[in-house]
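Novice: Provided below for reference: sequence and predicted model.
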Amino acid sequence: VAFDFAYQDKAVAYYQFDHESFFSGEHTYTIGYFDYDTDGFGPIESEEGSFIALLEEILANNCNPTDLYMKRINSTFINRDSSNCERVYKAITSLNNAVEDQFDINILLDITLQAFEAQSWDLAESRSNMVIEHGDEQQKAWAIHILTEALFYQNKFVELIEIIELIEQVNIPNESKKTKDYWRAKIAFSTANWQDAIDLITSLPTFDNEIIFMLLLSYAANGNTDGFENTLEEVSYSELNIIQSMMIKAWSLRLNNEWEEVIQLLEQEILNFSVDQLRELQPQILIAQAYRHLSKYAEAHQHLVDFEKHTAHNINCRIEIARLAFARENYGKCINQYEQAVNGKIEILSEKAVLQYSLSHWNMSNFEELVEILPAIIARYPSNQEFRKLYILSLIEQSRWVEVIEEFSKVEIEYQAELNPFVTLANYRLGKINEAYSTLRTPNIGDSYEYWELVSEIALIMEDTKLVKYCYKMMIAIFPKIKKYETIQKLLQLSFQQV
């Protein structure tokens, strides 16, 4: 509205009664290139009485802008004709025909810094990439540091891993390693890969409070009591404020899964946290986690909503939303939140998160997606047999019997007994009756009705009457509500045939 009035050469006045809270970060507005004090089209007042007096002055001046603001208006709206759209179009198309000697690197550096300071991370990313392309070595080094921040805060961790390899090419080698290890540690920490975070953080040459807090939380989440207590010895409590000390206490409670105590400690103190402290230390996410472990899902959800009122697109919040959705059996939301957390790069997530993501697809009957994504996941976590089992089950759902048998051959011997029914079924469906008969095991009370029925069919074909009768009798006893009378009739017919 202010721009509309200024364009018409009309006086503008700003009534910023909530200036402090509006610009503090509590509001969704973020500070950008436009500074009201230096770029605004009129004076600013924050008190009602002063603002009314200002309006009276404007009215007395016939609603004409004063010289100061008229100068700003004219410098902002240079062209006042009907060709603005044409100029914009020509400016955009001319970007494809840029001439190197017309490129002003200083302007690019300025607008890159503006985007960075305004936390416009997508712009900071694109502009820093241009600096890397056109700048000298010193400018490239500066732009890479801007780019790492921009990628990190957009959760573009795969791209960030690629970029940090450039650091060694433009920085002092010792400083390069420190920076690279720092970012790898931040990525591991943010994606809840706790052991990786611990290994990377402890390899850093120096610790500040940020690093110590990351390490403490990683030890707490990983259940490592010794590591947590040893790191506490590095903490200089005299340099901590009350809020920081409180969070260390909360992480200690989290280490011991004392979830009710976590809630009691933090919930009443949330109002004492500044917005910056809420973003950095994330007590609301920890409280939500505590409520989730206590199966109080509505309370957990509310604290996550409160966190997102001041901080959007935070990966830790996304991951906790996904965990909560999984606990509530809202599998579609679980999938969506995990994907949003890492921009679809699921392989960056922790093993536990990837398993929840995969199980959510299973519960949504997304068998095609599982067959597509699980090979890469199995390659990343070869010792986790849950992923291979899920892959085999997904292949079965798609009747891909040859691949079922191939995958079964890759299963470690100690896990083959659990998956044996699947290879028996695959051989049977491929018409390999002898192979199916040789691989089957006698069912037990814990097996599904479908497996009992499968074994009885194979045994009947192979004329193993003893095994058939055993299966029929046990199916009648264990599953009285499933085809009971049909199975009794089969058993009687088999007995008569033997007579």
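Specialist: Happy to help now that I have it. Bear in mind the structure is a predicted one, so any value in this text is a computation, not a measurement.

Novice: pLDDT below threshold where in the stretch 1-150 of the chain?
Specialist: 23-32, 94-103 (pLDDT under 70).

Novice: may I see the buried residues of the helix or strand where Ser358 lies?
Specialist: Under the criterion of DSSP states H and E, Ser358 resides in helix 351-363. The neighbour-count check on helix 351-363 (16 or more other C-beta atoms under 10 Å) flags Glu351, Ala353, Val354, Leu355, Gln356, Tyr357, Ser358, Leu359, Ser360, His361, Trp362 as buried. C-beta coordinates here come from the backbone N, C-alpha and C atoms, glycine included.

Novice: what does stretch 205-223 give?
Specialist: 207, 211-222.

Novice: where is pLDDT lowest across those?
Specialist: Here the lowest pLDDT out of these sits on Phe207, with 75.

Novice: that one: what secondary structure?
Specialist: On the three-state scheme (DSSP: H, G, I helix; E, B strand; the rest coil), Phe207 is labelled coil.

Novice: could you find the closest non-adjacent residue to it?
Specialist: Here the nearest residue to Phe207 in space, its sequence neighbours aside, is Glu234; by C-beta to C-beta, 6 or more residues apart in numbering that works out to 6.4 Å.

Novice: the one you found: neighbour count?
Specialist: Residues lying near Glu234 (other C-beta atoms under 10 Å) number 11.

Novice: Trp183: neighbour count?
Specialist: That count, for Trp183 with other C-beta under 10 Å as the rule, works out to 21.

Novice: now the element after the helix or strand hosting it, going C-ward?
Specialist: Assigned by DSSP H and E, Trp183 belongs to helix 173-190. Next helix or strand after helix 173-190 toward the C-terminus (DSSP H and E): helix 194-201.

Novice: just the mean pLDDT for that following helix, thanks.
Specialist: Averaging pLDDT along helix 194-201 yields 93.

Novice: I'd like the distance from it to the chain centre, please.
Specialist: Taking C-alpha atoms, centre = their mean, to the nearest Å, one finds helix 194-201 lying 18 Å from the centre of the chain it belongs to.

Novice: show residues contacting it.
Specialist: Helix 194-201 is contacted from outside by 181, 184-185, 188-189, 211, 214-215, 218-219, 221-222, 224, 227, 350, using C-beta atoms under 8 Å, 6 or more residues apart in numbering.

Novice: do stretch 449-463 as well
Specialist: Here stretch 449-463 makes contact (C-beta under 8 Å, 6+ apart) with 421, 424-425, 428, 433-434, 436-437, 440, 442-443, 465, 467-468, 471-472, 474-475, 478-479, 482.

Novice: restricted to buried residues, select those residues in ChimeraX.
Specialist: In ChimeraX, this line selects whichever of the contacts of stretch 449-463 come out buried by 16+ other C-beta under 10 Å:
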select :421,424,425,428,436,437,440,443,467,468,471,472,474,475
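
Novice: name the nearest residue to Ile243, sequence neighbours excluded.
Specialist: Using C-beta to C-beta, 6+ apart, the closest residue to Ile243 is Gln277 (5.3 Å).

Novice: can you name the next helix or strand after the helix or strand harbouring that neighbour?
Specialist: Gln277 is located in helix 275-281, with elements delineated by DSSP H and E. Downstream of helix 275-281, the next assigned helix or strand under DSSP H and E is helix 283-293.

Novice: pull out the buried positions in the next helix or strand after that following helix.
Specialist: As assigned by DSSP H and E, the chain's next helix or strand after helix 283-293 is helix 297-308. By 16+ other C-beta under 10 Å, the buried positions in helix 297-308 come out as Tyr297, Ala300, His301, His303, Leu304, Phe307.

Novice: out of those, the closest to Tyr89 would be?
Specialist: Phe307 (42.3 Å; C-beta to C-beta).

Novice: circling back to that earlier point, export the buried residues of stretch 205-223 to JSON lines and append columns for secondary structure.
Specialist: Formatted as JSON lines, these follow (three-state DSSP):
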{"residue": "Phe207", "secondary structure": "coil"}
{"residue": "Ile211", "secondary structure": "helix"}
{"residue": "Ile212", "secondary structure": "helix"}
{"residue": "Phe213", "secondary structure": "helix"}
{"residue": "Met214", "secondary structure": "helix"}
{"residue": "Leu215", "secondary structure": "helix"}
{"residue": "Leu216", "secondary structure": "helix"}
{"residue": "Leu217", "secondary structure": "helix"}
{"residue": "Ser218", "secondary structure": "helix"}
{"residue": "Tyr219", "secondary structure": "helix"}
{"residue": "Ala220", "secondary structure": "helix"}
{"residue": "Ala221", "secondary structure": "helix"}
{"residue": "Asn222", "secondary structure": "helix"}
